[in-house]
Structure formats: structure tokens, C-alpha cells
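**Student:** Show me the folded form of this:
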Amino acid sequence: MAGLWDTWQSPSGEPIHSCTVITTKPNKLVKNIHDRMPVILKPEDESIWLDKTIKDTDYLNHLLVPLPENLMEAYRVSDLVNSPKNNSIELIREIC
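**Tutor:** Model prediction:
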């Protein structure tokens, strides 16, 4: 996924490590689930995104698009995913 990170100083002088996941409009598959989705980079674009020498924002912005739906799969899962306290294989099993 495309993301950003930075380390900066708080007003008290302590270092703050922060990060964010970049989102975009949903593709046709995700549109029925949510109004946005993470930018999922194609493998061939990962090295471009991570290259600190590339400063051309227009060039980088062309990567911030929805992954084509034919490269994804969606299926119903348990409502257990709605709580961060849950962490088991049941969270990703398909519900028929």
C-alpha cells in the first residue's frame, strides 16, 4: 500500500513518529463496500514510490489510483472484524 511517514518534534521537543495510509476513490469492486480504498501499489510501482530521489509529485500522483478490480477478490466475512480486540483466522474466513 502507498503510505507516508515522518519523524518530527513535538512542542516539548520529543520525537514523534507518524504514518498514514493513502486512500483513493474505490474501484468497482470496493464501491459496494466503502466510498474509498487504500492505494494498493502494483509490484512494478513499489520501487518508484519508495525512491526518495523522485521529487516530481505529478509523476508520483499517477500511482495514486484504485487498483483494477480484476486484481482483487471480495467476499463476506464475520462481523468479528468490527472489533480490534479480535485476532483470529475467523476474521478472514469466507461466510457463505
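
**Student:** Tell me which residue of this structure is furthest from the middle?
**Tutor:** Distance from the centre of the chain peaks at Ser12, with 31.1 Å (C-alpha atoms, centre = their mean).

**Student:** Compute the distance between it and Tyr75, please.
**Tutor:** When distance is defined by C-beta to C-beta, to the nearest Å, Ser12 is 47 Å away from Tyr75. Using the backbone N, CA and C atoms, a C-beta is placed for each residue, glycine as well.

**Student:** just Gln9 next, same as before
**Tutor:** From Gln9 to Tyr75 the distance is 45 Å (C-beta to C-beta).

**Student:** How about the backbone phi and psi for Glu46?
**Tutor:** Note on Glu46: its backbone torsions stand at phi -60, psi -40 [degrees, to the nearest 10].

**Student:** Relative to Val39, how far out is it?
**Tutor:** With C-beta to C-beta as the criterion, Glu46 and Val39 are 11 Å apart.

**Student:** most centrally placed residue in the chain?
**Tutor:** Short answer for the chain (C-alpha atoms, centre = their mean): Pro38, at 3.2 Å.

**Student:** For this protein, which segments are assigned as strands?
**Tutor:** Per DSSP state E, the chain carries strands over the ranges 3-9, 15-21, 23-24, 37-38.

**Student:** closest to Lys55 out of those?
**Tutor:** strand 3-9 (14.3 Å; C-beta to C-beta).

**Student:** mind listing what the closest one pairs with, with the direction of each?
**Tutor:** strand 15-21 (antiparallel) (DSSP bridges).

**Student:** and the strand it pairs with, what's its mean pLDDT?
**Tutor:** Averaged across strand 15-21, the pLDDT comes to 97.

**Student:** Residue numbering should commence at 51 henceforth.
**Tutor:** Right, with 51 as the first residue, what we last looked at is strand 65-71.

**Student:** How about residues contacting that strand?
**Tutor:** Residues from elsewhere that reach strand 65-71 (C-beta atoms under 8 Å, 6 or more residues apart in numbering): 51-60, 88-89.

**Student:** Good, we can wrap up now.
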